[in-house]
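Enquirer: I would like the atomic coordinates for the input below:
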Amino acid sequence: QEHLVESGGGLVQAGGSLRLSCTTSGRINSMGWFRQVPGKERELVAAIYMISGNTFHADTVKGRFTISGDAAKKTLFLQMNSLKPEDTAVYYCAACQSCMILTIRAQRYEYWGPGTQVTVSS
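Expert: Numbers count the residues shown, from 1 in each chain. Below is the predicted model:
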């Protein structure tokens, strides 16, 4: 059983930056960041496969957000720049322990953090 804990959320003005962190209890190779707003489905923001360094970023955040990870420190990051009000959501860290490649499907992720709120004011 893995435990994930996110941190770094908060309130920021449009155009500002935030850095989210996620710590895991064990070493996991396939991880991702998702976000969700009330009334909408959870959507993938970015994903990473730690061994290869392969990453995926959703079109809505490409060029503004960057996912990275430190496998040795069991920590996942999401650097968010040029934030927009539409980025407001609860952001979740997710881990797929059984995945051997980069994974973009939410259904494949076995473990989830409790989420951290990101609010971008206009």
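Enquirer: I'd like to know how far the closest residue to residue 121 other than its chain neighbours sits from residue 122.
Expert: Leaving aside its sequence neighbours, residue 121 sits nearest to residue 13 (C-beta to C-beta, 6 or more residues apart in numbering; 5.4 Å). C-betas here are computed from N, CA, C, even on glycine. Counting by C-beta to C-beta, to the nearest Å, the gap from residue 13 to residue 122 is 8 Å.
Enquirer: the most centrally placed residue in the chain: which element?
Expert: With distances taken as C-alpha atoms, centre = their mean, residue 33 lies nearest the centre of the chain, 2.0 Å away. In this assignment (DSSP states H and E), residue 33 forms part of strand 30-36.
Enquirer: mind listing what the helix or strand just after that strand pairs with, with the direction of each?
Expert: Next helix or strand after strand 30-36 toward the C-terminus (DSSP H and E): strand 43-49. Note on strand 43-49: by DSSP bridges, its sheet partners are strand 30-36 (antiparallel), strand 54-57 (antiparallel).
Enquirer: buried set for strand 43-49?
Expert: Neighbour counts over strand 43-49 (16 or more other C-beta atoms under 10 Å) mark 44, 45, 46, 47, 48, 49 as buried.
Enquirer: in the residues you listed, find the pair that's most separated.
Expert: 45 and 49 (15.5 Å; C-beta to C-beta).
Enquirer: returning to that earlier point: hang on, isn't the residue nearest to residue 121 packed against residue 88?
Expert: No. Residue 13 lies out of contact with residue 88 (C-beta atoms under 8 Å); the separation is 11.8 Å.
Enquirer: joint contacts of the two?
Expert: Shared contacts of residue 13 and residue 88, defined by C-beta atoms under 8 Å, 6 or more residues apart in numbering, comprise residue 120.
Enquirer: out of those two, which sits in the more crowded spot?
Expert: residue 88 (17 against 10; other C-beta atoms under 10 Å).
Enquirer: hmm, back to that, ok, so of the buried residues of strand 43-49, who is nearest residue 92?
Expert: residue 45 (9.1 Å).
Enquirer: tell me the contacts of the residue nearest to the centre of the chain?
Expert: 20, 22, 44-47, 67, 76, 78, 91-94.
Enquirer: many thanks, have a good one.
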